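Q: Using only what follows, build the 3D model:
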Amino acid sequence: MSDVLETRLAQLLAEAAADLDRASRGTPVCVASKAGRPAPGPKYHEGRWAALNEVSRRCRRTQEGVALSATIVLRTWTDELARARHRAAGEDWIAYREGGSDALDGLLGTDSGDSAEYTPGGMLLESSRDPA
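A: Residues are numbered from 1 along each chain as shown. Just a heads-up that it's a prediction; the model follows:
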């Protein structure tokens, strides 16, 4: 594995965990979801953390490099995001998949600038993603 990408993965994982904690104010994200309250901000950061963690686990399990693992995981996350949009899934699921896809794009240096940004309270700041 590339030391640079391994270091970057660890940094992004730490940032995603900190952002998730800030966005959720330390409350488990599933609490709001189970209560029927939308939580796109925390779900976005949860998706970032989950996707990066999936890459980390895949690297350990398969001995693949970070770049290959992230590319494979990104394909899955972007496919799931497209399916969520196509079936008009709730905003939490879309935010979750956007967060993961954005994090993997950032890790791989393929960030197209096509991202959503949420405040810790969960409000969408901006998104240049095509809603279709």
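Q: what does stretch 74-86 rub up against?
A: Counting by CB atoms under 8 Å, 6 or more residues apart in numbering, stretch 74-86 makes contact with 51, 89, 93-94, 97-98, 100-101, 104-105, 108, 110, 131-132, all of which sit outside it. Heads up, the C-betas are built off the backbone N, CA and C, glycines and all.
Q: Kindly reformat those as CSV and extend each row with pLDDT.
A: Output for the contacts of stretch 74-86, formatted as CSV (pLDDT from 0 to 100):
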residue, pLDDT
51, 98
89, 90
93, 90
94, 93
97, 96
98, 95
100, 97
101, 97
104, 97
105, 96
108, 95
110, 79
131, 38
132, 35
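Q: how about the one helix or strand residue 48 maps to: buried residues?
A: If you go by DSSP states H and E, residue 48 is part of helix 40-62. By neighbour count, and taking 16 or more other CB atoms under 10 Å as the criterion, the buried residues in helix 40-62 are 40-56, 58-59.
Q: same check, this time on stretch 7-14
A: Residues 8, 9, 12, 13 are the ones in stretch 7-14 that count as buried (16+ other CB under 10 Å).
Q: Check for me that the first one belongs to a helix.
A: Pointing back at residue 8 there. Yes: assignment of residue 8 by DSSP: H, G, I helix; E, B strand; the rest coil places it within a helix.
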